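Sharing a model prediction with you, sequence too.
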Amino acid sequence: MTVMYYEEDGDINVIKNKRIGVIGYGNLGRPVALNLRDSELNVRVGLRREESRAIVESDGLAPWDIDALVEASDIILLMLPDEVMAQVYLERVSPMLRPGHMLIFASGYTLAFGFIEPPPFVDVGLIAPRAIGPAVRERYLSREGFYTFVAAGQDASGNAWDTILALALAMGSLWAGAFELTIEQEVELDLFVQQAILPAVHQILTTAANLLVDAGYPPEAAMMDLYISGEFNDYMQRAADSGLLHALRLTSLTSQFGVFSRLERFRELKLERLMEITLEDIRRGTFAREWAREYADGYPRLRKLLKNQENMELWELEQQTIELLRDL
């Protein structure tokens, strides 16, 4: 049974007197640091890149060297990209760790696949937002909150959960709710959505757009009806609010009949097997090893894949449609 935590489960006083260091000030690090600061906590920022210093200072936070930050902090939040996290940890975080430290990760990736192995004398926690970085900040300011996955990977002090929930509350997550699960489950779910769901959606939309244009439909009309109008977003938002079936029942009877009567066409065994293979690659660490090699080699395959995508004629039609709608 999944355990959920809400506002009443966290006590911010647990960390009121703690020194909190946020390493990384990018897409997620910055919103998290600002949320913690606005919750009146003692926050400082450790920088890997000097060019971020001006941004940190303009936000009213103190920029620190990573080594000094770790030594002077009680709680360290690692907000770096997965591919660079291990090297920074090994060179600049690990040597400074001492009993009483707590490490907080926003993704279980480096832990689940063995790139980082914290010493047994520190606490290890996971607070993984299910929202993009800007939304983490926006939903804090609106007090709407955002969902997170939380886990305690190591409880050396006996108080790891109290700290995790206090931080989740200070970030704004517990206003919406936090799900408890294992670190391995968090990263496997995250990678599965990235590698099985998003590629399928991308392929379906691009295939449909090319087919409709080739069939003679105006490119602008085809692209608008597929996703640019936002109707599909509205449908998915209703699904998020009330469930997929409820969202579909809000459409016309013609639409409902069309969907339900054609579902069988898309119950493809090959698709199911592709998803099974994708999950197997994730759980066995095959993808993690592949990505580690790609990063070490300087991203040659990623660059090639991006170039192939960028050269698709479809994107020019997409931009034309977006510009047309903006001018209306």
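Structure received.

what helices or strands is the least confident helix or strand in the chain by mean pLDDT leaning on?
Using mean pLDDT, DSSP states H and E, helix 314-327 stands out as the lowest-scoring helix or strand of the chain, at a mean of 82. With contacts defined as 3 or more CB pairs under 8 Å, 6 or more residues apart in numbering; DSSP states H and E, helix 314-327 has these neighbours: helix 198-214, helix 219-223. All C-beta spots, glycine's among them, are computed from the backbone N, C-alpha and C.

distance between that helix and the chain's centre?
Centre-to-centre, helix 314-327 and its host chain are 28 Å apart (CA atoms, centre = their mean, to the nearest Å).

how close does Asp225 get to Ala200?
Separation of Asp225 from Ala200 (CB to CB, to the nearest Å): 20 Å.

picking that back up, and the least confident helix or strand of the chain with helix 198-214, angle?
Between helix 314-327 and helix 198-214, the angle comes out at 80 degrees (axes from the mean of the first three to the mean of the last three CA atoms, to 10 degrees).

Identify all contacting residues around helix 314-327.
Identification of contacts with helix 314-327 by CB atoms under 8 Å, 6 or more residues apart in numbering yields Thr206, Ala209, Asn210, Val213, Pro219, Glu220, Met223, Met224, Ile228.

can we see that at 6 Å?
When contacts are defined by CB atoms under 6 Å, 6 or more residues apart in numbering, helix 314-327 is touched by residues Thr206, Ala209, Pro219, Glu220, Met223, Met224, Ile228.

Just among these, which is most surrounded?
The residue in the contacts of helix 314-327 with the most neighbours, by other CB atoms under 10 Å, is Met223 (26 neighbours).

Check the gap between the nearest residue to that residue once chain neighbours are set aside and Glu231 for me.
With sequence-adjacent residues excluded and distances taken as CB to CB, 6 or more residues apart in numbering, Met223 is closest to Thr321, at 4.3 Å. Going from Thr321 to Glu231 by CB to CB gives 14 Å.

Check Asp162 too.
Distance, Asp162 to Glu231, by CB to CB: 45 Å.

The two: who's more crowded?
Asp162 (16 against 12).

what's the closest non-adjacent residue to that one?
Excluding its sequence neighbours, the residue lying closest to Asp162 (CB to CB, 6+ apart) is Val14, at 4.9 Å.

Check the secondary structure at the one you found for me.
helix (DSSP: H, G, I helix; E, B strand; the rest coil).

and the gap between the residue lying closest to Thr286 once chain neighbours are set aside and Ala196?
Computed as CB to CB, 6+ apart, the closest residue to Thr286 that is not its neighbour in sequence is Glu280, at 7.7 Å. Going from Glu280 to Ala196 by CB to CB gives 11 Å.

more neighbours, the two?
The residue with more neighbours, out of Glu280 and Ala196, is Ala196; 18 against 11, by other CB under 10 Å.

so who does the more buried one touch?
Met275, Thr278.

ok but it is inside a helix, no?
Yes: counting by three-state DSSP, Ala196 falls inside a helix.

who's in contact with Ser73?
Going by CB under 6 Å, 6+ apart, Ser73 touches Arg19, Gly21.

Minimum distance to Gly60: which of the helices and strands packed on helix 314-327 has it?
Gly60 sits nearest to helix 198-214 of all the helices and strands packed on helix 314-327, at 36.1 Å, using CB to CB.

and that closest one, what does it pack onto?
In terms of contacts (3 or more CB pairs under 6 Å, 6 or more residues apart in numbering; DSSP states H and E), helix 198-214 is packed against helix 219-223.

Please state the offset of the helix it packs on from the chain centre?
Centroid separation for helix 219-223 versus its chain: 31 Å, with CA atoms, centre = their mean.

same thing with stretch 231-241?
For stretch 231-241, the distance to the chain centre is 19 Å (CA atoms, centre = their mean).

Then stretch 298-314?
Averaging C-alpha positions (CA atoms, centre = their mean) puts stretch 298-314 23 Å from its chain's average.

again with stretch 120-131
14 Å.

re earlier: the residue nearest to Asp162: neighbour count?
Count around Val14 with other CB under 10 Å applied: 18.

Check whether it really touches Leu165, as I assumed.
No: the pair Val14 / Leu165 is not scored as a contact, 8.0 Å apart, by CB atoms under 6 Å.

Where does the prediction get shaky in this protein?
1, 328 (pLDDT under 70).

and it, what are its domains?
With domains defined by automatic domain parsing, the chain comprises 3-181, 186-327.

And the first one, end to end?
Domain 3-181 stretches 8 Å from its first residue to its last (CA to CA, to the nearest Å).

what residues are up against Trp175?
Trp175 is in contact with Glu7, Arg143, Gly145, counting by CB under 6 Å, 6+ apart.

Right, I'll call it a day here.
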